[in-house]
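1. Below are the sequence and a predicted model; questions follow.
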Amino acid sequence: MWNRQTKWCQALRGLMMCLVTTCGASTLALAQEPGKHGLDYTYAEGSPQYWRGMHSTRPGNFVFRKDPHIWVVSPEMAKKAGLPLEWASEELQGVSAAAWRMQPGDEQCGWGGNPNACKRDMVCTLDLYFDRQTQALPWAPNRLVADFYWQDVSSAWHLLPSLTGPREANGDVPRGSKWSKYANLSESPFADPKTGEELEWYWAEREHGAARVIAYDREMHGRYAFVRMAAYCGGGEPQQTMHLELRRTAPNNFRQVLSVHHKVRMPLTWLKRVWRATQQQQAQEQEFYKNIWNNINNGDKK
């Protein structure tokens, strides 16, 4: 019995080694092979290839880390970071890249009086990458350089080759940032350079369009600064581009805009991709509430 178990474990270990060495080493090659293993995207010639396997949307006989974000990037950043050219847009303005994602949050139970009826809230975030040379932001003085550990940001995977790579052609020296996990984000990391008053981000087209900053790193990369915001998880189908503005508003009256210090334009094509990603989740939530309602009508609370 022991010998049979030992041989079985050795065989399993050998299979796992095969998967790690043979399959792992050829993942990118398989992912880029045209035909049944082909990716759905194209890339700039000579751009980094480290994370291309994250973007496949076709089934294949390989395992890959899936990128959970919906990206829109400038053509320059697509080439620099090796991101799909299909995600590049000339309509993106004021920022080099935006990455939206939806992820599970806290679980709430007790719906319909049933302690086992649980629903997990969804949390949506928006990661923004600004070119520190051409899209400089008015950072507030005497604030932390960063409010979090950069490895907690999965969208930053695409910048990792640059963090450890050689000096870039434009003279940038790759570097990580100083950081603290416990920053005080009750204070805005942005300020009016002339008055020192705090600045806040707003969605220009929304009446109550405050965009809350939940993380930032002004030196995440030798070229890019990073800002993460809480984002919307739903809503109606977008019909026009949207704009983010870094504003100074009148005290106690956010509708009175005193000055605008930076603008970001988000393309309509990207907004529609984000909206489509929320539809399946909304359908699941509607089905959940429908089942809860039916159970209540049937007197089932156990």
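-> Received the coordinates, thanks.

2. residues in contact with Glu198?
-> Ala140, Glu187, Ser188, Phe190, Ala191, Asp192, Arg248 (Cβ atoms under 8 Å, 6 or more residues apart in numbering). All C-beta atoms are positioned from the backbone trio N, CA, C, and that covers glycine.

3. make it 7 Å
-> Glu187, Ser188, Phe190, Ala191 (Cβ atoms under 7 Å, 6 or more residues apart in numbering).

4. Any idea what the most centrally placed residue in the chain is bridged to?
-> Centrality entry for the chain: nearest residue to the mean C-alpha point is Ala99, 3.8 Å, by Cα atoms, centre = their mean. Note on Ala99: beta-bridge partners by DSSP bridges are Trp71, Asp127.

5. Pull out the buried members of the contacts of Glu198.
-> The neighbour-count test (16 or more other Cβ atoms under 10 Å) applied to those identifies Ser188, Phe190, Ala191 as buried.

6. Just give me the closest of these to Leu92.
-> When the buried ones among the contacts of Glu198 are compared for distance to Leu92 (Cβ to Cβ), Phe190 comes out closest, at 20.6 Å.

7. and that closest one, what is it in contact with?
-> Leu137, Pro138, Trp139, Ala140, Glu198, Leu199, Leu246.

8. Scan these and report the most crowded one.
-> Ranked by neighbour count (other Cβ atoms under 10 Å), the contacts of Phe190 have Leu199 at the top, with 25 neighbours.

9. Need the pLDDT of the closest residue to that one other than its chain neighbours.
-> In space, and not counting its chain neighbours, Leu199 is closest to Phe190: 4.1 Å by Cβ to Cβ, 6 or more residues apart in numbering. On pLDDT, Phe190 comes in at 95.

10. Return the set of residues that bridge with Phe190.
-> Note on Phe190: beta-bridge partners by DSSP bridges are Trp139.

11. any idea how far Lys66 is from it?
-> For Phe190, the distance to Lys66 (Cβ to Cβ, to the nearest Å) stands at 33 Å.

12. same thing with His221?
-> Relative to Lys66, and taking Cβ to Cβ, His221 is found at 23 Å.

13. Gln93 now?
-> For Gln93, the distance to Lys66 - Cβ to Cβ - is 29 Å.

14. quick one: which of these two has more around it?
-> Gln93 (15 against 11).

15. residue contacts, that one?
-> Val264, Arg265.

16. so where is the stretch 201-302 of the chain shaky, pLDDT-wise?
-> 207-208, 297, 299-302 (pLDDT under 70).

17. Swap in 80 and give it another go.
-> 205-208, 221-222, 234-235, 254, 280-283, 285-286, 288-289, 292, 294-302 (pLDDT under 80).

18. could you pull out the helices for it?
-> Here the stretch 201-302 of the chain has its helices, by DSSP state H, counting those that start in this stretch, at 268-297.

19. Tell me which stretches of it form strands.
-> 210-211, 213-217, 224-230, 242-250, 253-266 (DSSP state E, counting those that start in this stretch).

20. Out of the ones you listed, the one nearest Ser89 is which?
-> Taking the strands of the stretch 201-302 of the chain one by one with Cβ to Cβ, strand 253-266 is closest: 9.3 Å.

21. which helices and strands does the closest one pack with?
-> strand 242-250 (3 or more Cβ pairs under 7 Å, 6 or more residues apart in numbering; DSSP states H and E).

22. which strands and helices sit next to the strand it packs on?
-> Short answer (3+ Cβ pairs under 7 Å, 6+ apart): strand 242-250 packs on strand 200-203, strand 253-266.

23. Glu197: what's its closest spatial neighbour, skipping adjacent residues?
-> Spatial nearest neighbour of Glu197, chain neighbours left out: Arg248 (5.6 Å); criterion: Cβ to Cβ, 6+ apart.

24. can you pull the contacts of the one you found?
-> Taking Cβ under 7 Å, 6+ apart, one finds Asp192, Glu197, Leu199, Leu258, Ser259 in contact with Arg248.

25. ok, now which ones touch the third one?
-> Looking back up the chat, that one is Leu199. Contacts of Leu199 (Cβ under 7 Å, 6+ apart): Pro138, Ser188, Phe190, Ala191, Asp192, Leu246, Arg247, Arg248, His261.
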